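Visitor: what follows is a predicted structure for the sequence shown.
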Amino acid sequence: MNAQILFYPSFILILLSFLLITVPRTALRALLSYGFVLGGLLDAAINLIFGNLLHVFSYTDLDIFNVSGQIILSPLAWVLIIVLYLYFWPRDNRQLSYFYILAWSLLATGFSQTVQFLDLFEYNTWFYPLPMLIMFLARFIFVAWVTKPWTNSWD
């Protein structure tokens with residue numbers, strides 16, 4: 001139980017440290033709004049649809065971080081992930097952007113296995129690996145599509 005409670009705060013602290021070291025302040029200001037909407041809010045919507053309505057996955061009840069059956073730190077982590085995803089987007093090479101989306105989707109799918117291994121997250125057996133990968137692909141493609149007009153504006 002101790003590893004469960006410390007995992008998300010440690011993960012967010014590592015992400016935040018890396019983000020503050022690598023992303024300039026002007027870019028961070030521009031990208032945080034995308035992170036909140038396309039990271040945190042989209043994660044809450046996905047959790048509502050796939051978790052509460054369709055019962056495809058659920059989170060383990062961690063008393064201190066539990067809000068309506070969801071881990072409150074998950075949307076916060078997605079805010080930071082989307083900021084990093086958009087900042088390091090390969091602007092000059094279109095073919096590389098396809099691999100970039102695939103790499104982030106594979107990373108998110110693998111991370112969900114870590115979270116599931118720590119008993120923070122449970123999902124139906126049919127949901128892993130292909131449907132989960134497709135969901136993350138759709139998510140990262142959607143984020144790239146929505147932010148495409150603005151990808152060159154935070155230099």
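Guide: Arrived safely, thanks for sending.
Visitor: distance from the helix or strand hosting L106 to the middle of the chain?
Guide: L106 belongs to helix 94-117 when assigned by DSSP states H and E. Helix 94-117 sits 10 Å away from the centroid of its parent chain (Cα atoms, centre = their mean, to the nearest Å).
Visitor: what does it rub up against?
Guide: 7, 81, 85, 89-90, 121-123, 128-129, 132-133, 136-137, 139-141, 144 (Cβ atoms under 8 Å, 6 or more residues apart in numbering). Any C-beta I mention is one placed from the backbone N, CA and C, and that applies to glycine too.
Visitor: where do the helices of this protein begin and end?
Guide: For the chain, applying DSSP state H gives helices covering 2-22, 25-35, 42-46, 73-87, 94-117, 130-147.
Visitor: residues of the helix holding L106 that come out buried?
Guide: Buried residues in helix 94-117, counted by 16 or more other Cβ atoms under 10 Å: 97, 100-101, 104-105, 108-109, 112, 115.
Visitor: from these, which is closest to A3?
Guide: V115 (11.4 Å; Cβ to Cβ).
Visitor: if I look at the closest one, what pLDDT would I see?
Guide: pLDDT, V115: 87.
Visitor: and what of the one 3 residues further on?
Guide: With respect to pLDDT, L118 has a value of 87.
Visitor: what are the phi and psi angles of it?
Guide: Per-residue torsions, L118: phi -80, psi 10 (degrees, to the nearest 10).
Visitor: what is the burial count for it?
Guide: For L118, the neighbour count with other Cβ atoms under 10 Å is 14.
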